[in-house]
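S.K.: A predicted structure for the sequence below; I have some questions about it.
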Amino acid sequence: MRLFLDTANIDDIRRGAAMGLVDGVTTNPTLVAKEGVEYRDRVLEICEAVNGPISAECISTTADALVEEARRIASWHPNVIVKVALTEQGLQAIRRLSAEGITINTTLVFSANQALLAAKAGAAYVSPFVGRLDDAGEDGMQVVRESVQIFETYHLPTQVLAASIRSARSVTQAALAGSHVATVPPNIFFQMIQHPLTDVGIERFLADAAKYTPV
Ligand code: G3P
């Protein structure tokens, strides 16, 4: 499973990229607004830091406007992929943009039926929002599982990108569900490295290693 960072914070992105384990980055208007920077400038900085798909989101609401906006965003950098929200107008735009060869990540996906429609429209990725579904008392990971199964059954090339991840456990669950990608907030990404028994083990090895001459 590929791992993307779900953030617009450039320091966290550079820290993750230094490990060589960040396969891409997803941003959205909320994440960029938090940073107090211009959207295009930040996306270009991210493209310098990570060599992989970098999602930038459209905010238009009609198909024509979405197509225009997505073309502009896609022209920023060859690695930029365009996020379009799952609406009727969005699906029309996804169909047109995908036919032009623009790579689309369908965002705000909350059901397997929405994922199927986005896949049929030609989206490269669908992003089920796992955490927001869980917040609403539903089973977010079920949408990931069902979408993966549908795409496999019908040999659809669309990839499932598990989004709105709120815990390290959800990353494991996304991997077990067969999600092609999980986009993970930096705090959870770095938490995945940690286990208290690893720390205890290192302390014990270091203490014992002090009992002989270092190699
Ligand atoms: O990038 C979109 C998604 O991951 C947002 O997550 O935490 O705002 O539900 P969240």
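M.R.: Arrived safely, thanks for sending.
S.K.: and the gap between the residue nearest to Asp134 when sequence neighbours are not counted and the ligand?
M.R.: Once flanking residues are discounted, Asp134 sits nearest to Gly140: 4.7 Å by Cβ to Cβ, 6 or more residues apart in numbering. C-beta here means a position set from N, CA and C on the backbone, and glycine is covered the same way. To the ligand, Gly140 is 10 Å away according to Cβ to the nearest ligand atom, to the nearest Å.
S.K.: cool, Val160 as well?
M.R.: 13 Å.
S.K.: Does that residue fall in a helix, a strand, or a coil region?
M.R.: On the three-state scheme (DSSP: H, G, I helix; E, B strand; the rest coil), Val160 is labelled strand.
S.K.: That one: neighbour count?
M.R.: By the criterion of other Cβ atoms under 10 Å, Val160 has 30 neighbours.
S.K.: Let me see the backbone angles for the residue nearest the centre of the chain.
M.R.: Compute the mean C-alpha point of the chain, and by Cα atoms, centre = their mean the closest residue is Thr183, 3.2 Å away. Note on Thr183: backbone dihedrals following degrees, to the nearest 10 are phi -100, psi 130.
S.K.: show me where the chain has strands.
M.R.: In the chain, the segments counted as strands under DSSP state E are 2-6, 24-26, 54-57, 80-85, 104-109, 125-128, 159-162, 181-184.
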